[in-house]
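>>> sequence first, then the predicted structure:
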Amino acid sequence: MGLGASAAYIGADAVKNTNGFGVDRINVGALGLQLSAYGFLVGGQYLFGDAGLGFATPRLKLVNDDRRYEAFNVGASYTLGQITVGAQYGETRSAGAQSVNTAGLANTGGRTDKGLSVGGTYRISPGIEYIAEYTTYKIEEAGVNFATGGRGTANNSVDGQVFLTGFRFAF
């Protein structure tokens, strides 16, 4: 049986912009927990705080825009002999690609990233494994056109799917 826990703080001051919009200080907390027993492994992590698109990106100081950064992921796996199977889900909500309208107000609806993976490993011998994994991912952000990279009401989401298979050699 096993137990793993983590707690962390990520912080950074921001340089004051004297010409245009400034940014907020990054203040992000992270909590994680992992439990294992009898071949099962279950874990998760939660990040929260003041940040922009990613936990290491500052959020612009905009009037009426105090959206927080939140992200979580959870996963589980089971190992029986030489076979391991597992799944993982993660979601992030952030201010996204912030910009302002002519009144100086934020004109983005926020960004949501979601991802799901399932996969397995077969251990052929020590140092040789066969791996197969399927991942699906979706990004949504109102007010951002992912096709052009600019503002707009069209193409506000993007998704992808990946299937990986192959051998892993570790000696």
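Structure's in. What do you need? Residues are numbered from 1 along each chain as shown.

>>> switch to C-alpha atoms for all contacts and neighbour counts from now on
Fine.

>>> on the pLDDT front, check Ala95 for me.
At Ala95, the model reports a pLDDT of 80.

>>> now it, nearest residue through space, not along the chain?
Gly110 (4.5 Å; Cα to Cα, 6 or more residues apart in numbering).

>>> how close does the residue located most distally from the centre of the chain get to Asn156?
What lies farthest from the middle of the chain is Ser125; by Cα atoms, centre = their mean that is 33.3 Å. As judged by Cα to Cα, to the nearest Å, Ser125 and Asn156 stand 46 Å apart.

>>> please compute how far stretch 39-48 lies from its chain's middle.
Between the centre of stretch 39-48 and the centre of its host chain there is 14 Å, according to Cα atoms, centre = their mean, to the nearest Å.

>>> can I get that stretch as PDB, trimmed to CA atoms?
Only the C-alpha atoms of stretch 39-48 are listed here, as PDB (Å, rounded to 0.1, in the frame of the first residue of the first chain):
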ATOM      1  CA  GLY A  39      -2.300  -3.300  -8.200                       C
ATOM      2  CA  PHE A  40      -4.500  -0.200  -8.300                       C
ATOM      3  CA  LEU A  41      -3.200   3.300  -8.500                       C
ATOM      4  CA  VAL A  42      -5.500   6.300  -8.100                       C
ATOM      5  CA  GLY A  43      -4.500   9.900  -8.100                       C
ATOM      6  CA  GLY A  44      -5.300  13.500  -8.800                       C
ATOM      7  CA  GLN A  45      -4.100  17.100  -8.700                       C
ATOM      8  CA  TYR A  46      -5.900  20.500  -8.300                       C
ATOM      9  CA  LEU A  47      -4.300  23.800  -9.200                       C
ATOM     10  CA  PHE A  48      -6.000  27.100  -8.400                       C
END
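
>>> what comes up buried for it?
When burial is assessed from 16 or more other Cα atoms under 10 Å, stretch 39-48 yields the following buried residues: 40-48.

>>> check stretch 158-166 too.
Per 16+ other Cα under 10 Å, stretch 158-166 contains no buried residues.

>>> the residue nearest to Ala95: what's it in contact with?
67, 93-97, 141-142 (Cα atoms under 8 Å, 6 or more residues apart in numbering).

>>> can you redo those residues as JSON lines with neighbour count?
Shown next, in JSON lines, are those (neighbours: other Cα atoms under 10 Å):
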{"residue": "Arg67", "neighbour count": "17"}
{"residue": "Arg93", "neighbour count": "22"}
{"residue": "Ser94", "neighbour count": "26"}
{"residue": "Ala95", "neighbour count": "26"}
{"residue": "Gly96", "neighbour count": "23"}
{"residue": "Ala97", "neighbour count": "21"}
{"residue": "Glu141", "neighbour count": "23"}
{"residue": "Ala142", "neighbour count": "20"}
